[in-house]
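>>> got a predicted structure plus its sequence, pasted below:
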Amino acid sequence: MKKKLLHVCLSPSEGGLELYAVRLATFFKGEGYESFFACRPNTFIHKKVKEAGLKHFTVTGKDYFSLKLIGQLNRIVKENSIDVIVVQRLKDLWITYWVKKRNPQIKVIGFNQMFVDYPKKDFWHRMIYKQIDTMVALTQIQKNALLETLPVPAEKYSVIPNGVDTTKFNPIPQDDPRREEVRKKLGIQKSNELLVGLIGRFDRQKGQIEMIEAIKNLKTTLPNVKYVFVGADTYGEEPIQKRILETILEHDLHTHVQVRGFTDNVSDIMNALDIFIMPSYKETFGIVLVEAMACEKICVATRAGGPIEILNEGECGLLIEPKSSQAIEEALVEISRNLNKYKLKAQNARKRALQKYQAKDAMQRIKDLTH
């Protein structure tokens with residue numbers, strides 16, 4: 001008999017974590033599970049849950065501890081005979097702890113989508129994390145780091161990388177009319193021009209500031225290279241997108257740089273690129289990096305966290321130091337001068353995505369955890 005699942009993600013933000021939560025719930029629905037979703041009303045994830053046609057509940061109350069929120073989730077669990085709670089944002093464990101306290105038969109699966117920078121092994125965190133039956137880490141690098149910072153024993157971890165749909169994220173011919181149309185919209189007018197893209201939410205830690213600083217010099221060094229930033233600002237954080245736009249105006253970069261908001265058509269933009277770059281200060285995984293690999297793009301990422309493992313120590317792309325506009329400059333100059341070398345790495349990247357990062361394989365392993 002298939003288990004009944006409740007996916008909990010109370011995040012107000014819009015980004016990869018939220019999209020993956022919806023994708024996972026949609027997968028279970030497609031597999032014939034009764035799969036419910038709990039989220040906050042009028043948020044990005046609420047919109048996506050409705051678009052996916054998922055059974056869902058909107059809940060309200062403060063993070064960490066809210067009798068109102070605990071009561072709402074407890075009622076959902078009771079009334080729908082939930083067997084498994086899937087938690088995508090670890091902050092929500094502070095709420096689900098009390099729900100499991102009242103329903104000890106429930107299995108809790110926690111997904112850790114980020115590194116934890118400082119130890120959380122005090123009494124309260126040991127109490128909260130004790131509820132977890134399985135903790136999913138995205139890479140072995142992340143698991144090793146979490147063993148140092150979280151009070152979760154090694155035997156409770158399962159390393160399951162995020163996967164992508166490699167039929168959707170699939171390379172298309174260079175002369176495909178759809179690709180040419182998107183490239184024109186992104187400012188590419190000549191056949192010898194290259195397009196570099198940074199796709200992801202705007203955040204100080206994502207490296208957009210260093211990227212635009214590099215572009216100020218690259219406009220002269222590599223005049224045939226154009227750039228596009230795609231994404232929305234991180235909810236509640238410094239408005240980095242505004243800062244990028246101000247820099248573009250101040251330094252007359254509008255002929256070389258475009259800024260686009262959040263889009264659902266990532267595959268269209270990805271296939272329009274020649275080079276994908278992810279200059280994050282530290283990245284747990286980076287699903288968009290795997291999407292670029294699946295599209296056979298030349299990939300640049302920082303040697304900080306998951307990308308080291310994902311790009312196979314540089315066999316499938318170019319690894320650079322984080323927090324450095326100079327490293328970005330040097331990387332793009334190196335690639336532009338050795339395009340054929342890096343196109344071969346892009347082919348390796350596509351093969352690696354097919355071998356290790358297929359969505360269907362990752363989802364199957366997650367499904368096995370619910371039993």
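Sure thing, it's come through.

>>> neighbours of the residue nearest to Gly317 when sequence neighbours are not counted, just the number please.
Ranked by CB to CB, 6 or more residues apart in numbering and with sequence neighbours excluded, the top spatial neighbour of Gly317 is Cys299, at 3.4 Å. Where you see a C-beta, it was placed from the backbone N, CA and C, and this is true even at glycine. By other CB atoms under 10 Å, 28 other residues sit near Cys299.

>>> same deal with Gly71?
Gly71 has 15 nearby residues by other CB under 10 Å.

>>> distance of it relative to Met127?
20 Å (CB to CB, to the nearest Å).

>>> cool, and Leu69?
Leu69 sits 18 Å away from Met127 when distances are taken as CB to CB.

>>> gap between the longest helix that the chain contains and the chain center?
In the chain, assigned by DSSP state H, the helix with the most residues is helix 339-356. Distance of helix 339-356 from the chain centroid (CA atoms, centre = their mean, to the nearest Å) equals 20 Å.

>>> what residues does whichever helix or strand comes after it touch?
Following helix 339-356 in sequence order, the next helix or strand is helix 359-369 (DSSP states H and E). Residues from elsewhere that reach helix 359-369 (CB atoms under 8 Å, 6 or more residues apart in numbering): 23-24, 27-28, 31, 109, 134, 136, 158, 160-166.

>>> do a quick rundown of the helices in the stretch 201-350 of the chain.
Counting by DSSP state H, counting those that start in this stretch, the stretch 201-350 of the chain has helices at residues 208-221, 240-250, 266-272, 287-294, 306-310, 325-337, 339-356.

>>> deepest-packed of those helices, please.
helix 287-294 (a mean of 28; mean count of other CB atoms under 10 Å).

>>> what helices and strands are in contact with that helix?
helix 16-30, helix 266-272, strand 275-278, strand 298-302, helix 306-310, helix 339-356 (3 or more CB pairs under 8 Å, 6 or more residues apart in numbering; DSSP states H and E).

>>> go through the ones you listed and name the closest to Thr149.
Across the helices and strands packed on helix 287-294, Thr149 has its closest neighbour in helix 306-310 (15.9 Å, CB to CB).

>>> extract the CA atoms of that closest one and return them as PDB.
Extracted C-alpha coordinates of helix 306-310, given in PDB (Å, rounded to 0.1, in the frame of the first residue of the first chain):
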ATOM      1  CA  GLY A 306      29.100  20.900  -4.700                       C
ATOM      2  CA  PRO A 307      30.400  22.200  -8.100                       C
ATOM      3  CA  ILE A 308      33.800  20.500  -7.500                       C
ATOM      4  CA  GLU A 309      32.100  17.100  -7.400                       C
ATOM      5  CA  ILE A 310      29.500  17.900 -10.100                       C
END
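
>>> which elements pack onto it?
helix 140-149, helix 287-294.

>>> distance to Leu249 added to those helices, as a markdown table?
What follows is these, written out as a markdown table (distance: least, CB to CB, whole Å):
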| stretch | distance to Leu249 |
| --- | --- |
| helix 140-149 | 39 |
| helix 287-294 | 27 |
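
>>> just put those helices in JSON lines and tack on mean pLDDT and distance to Pro239.
Shown next, in JSON lines, are the helices and strands packed on helix 306-310 (pLDDT from 0 to 100; distance: least, CB to CB, whole Å):
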{"stretch": "helix 140-149", "mean pLDDT": "93", "distance to Pro239": "29"}
{"stretch": "helix 287-294", "mean pLDDT": "95", "distance to Pro239": "21"}
